[in-house]
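> sequence plus predicted model, see below.
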Amino acid sequence: MYKIFVGDKPIILTTKVEQETDFKNYLLDTVNIGKVIKKLNTTSLKEARLIHKNENKLLKKFLKKLPNVIAGGGKVYNEDDAILFIYRNDKWDLPKGKVEGNETIEKTAIREVSEETGVGGLEIIKPLETTYHIFKRSGRHKIKITYWFEMRTNFKGNLYAQEEEGITKVAWLNQDQAKAALGNSYANIKLLV
């Protein structure tokens, strides 16, 4: 099963057909994804479920329905086990960004975290869950596939918000602060933190 978010509402890719309650079932092969996105954005529908019999083909078939944007990002811890957050578009988020050229996804994640926050000395500890969300640019829906990595750093310098990317704040948040920030964050980020 996979979750692709439209705002905070999920499109769930699954092999199971269940009785509809506050969600709607669609067949993955024949679904009009634009109509599903519109329904999630404009109605009280809680989620949409796209069904296909072959679990191994769910994600591959879905990703062919929209242009893909590949990104890398980090859940970064410092020596005090605080997590590095950015504040953009009136929401708390984790630093991430698009792949440039033919760089590896790990290189993308480190570069983007550093560019968006000013933090250096980043070391990848392990890969985390990959997240998926649908967004609209220039009138077209696209799916952002973000590969996340847990990172550590001993960085003690000043944090720098990359304002040209719409970031207004960068902060190290302890566990309690991070929990509070998640109250004003994205569903994908809540899965990671």
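Happy to help now that I have it. Residues are numbered from 1 along each chain as shown.
> tell me the buried residues in the lengthiest strand in the chain?
Assignment by DSSP state E gives strand 123-137 as the longest strand of the chain. Neighbour counts over strand 123-137 (16 or more other Cβ atoms under 10 Å) mark 128, 131, 132, 133, 134 as buried. (C-beta placed from N, C-alpha, C; glycine too.)
> and the closest residue to the second one other than its chain neighbours, backbone torsions?
In space, and not counting its chain neighbours, residue 131 is closest to residue 188: 4.0 Å by Cβ to Cβ, 6 or more residues apart in numbering. Note on residue 188: its backbone torsions stand at phi -60, psi -40 [degrees, to the nearest 10].
> tell me who's in contact with residue 188.
Neighbour list for residue 188: 5, 131, 132, 133, 146 [criterion: Cβ atoms under 8 Å, 6 or more residues apart in numbering].
> taking these, tell me the two that lie furthest apart.
Maximum pairwise distance among those (Cβ to Cβ): 10.9 Å, between 5 and 146.
> these two: which has the busier surroundings?
Neighbours were counted for residue 5 and for residue 146 using other Cβ atoms under 10 Å; residue 146 has more, 25 against 21.
> which outside residues touch the helix or strand harbouring residue 86?
Using DSSP states H and E, residue 86 falls within strand 83-88. If you take Cβ under 8 Å, 6+ apart as the criterion, strand 83-88 is touched by 74-78, 92-95, 113, 116-117, 119, 161, 165-173, 178, 181, 193.
> residue 134 and residue 57, how far apart?
Using Cβ to Cβ, to the nearest Å, residue 134 is found at 20 Å from residue 57.
> so what's the residue count around residue 101?
6.
> how far off centre is the longest helix along the chain?
The helix spanning the most residues in the chain, taking DSSP state H as the definition, is helix 105-117. Counting by Cα atoms, centre = their mean, to the nearest Å, helix 105-117 is centred 15 Å from the centre of its parent chain.
> pull the residues that contact it.
Contacts with helix 105-117, where a contact means Cβ under 8 Å, 6+ apart, come from 70-74, 76, 84, 86, 95-100, 103, 119-120, 122, 124, 147-149, 151, 159-162, 165, 167, 170.
> ok, of the residues you listed, which come out buried?
71-74, 76, 84, 86, 95-97, 99, 119, 122, 147-149, 151, 161-162, 167, 170.
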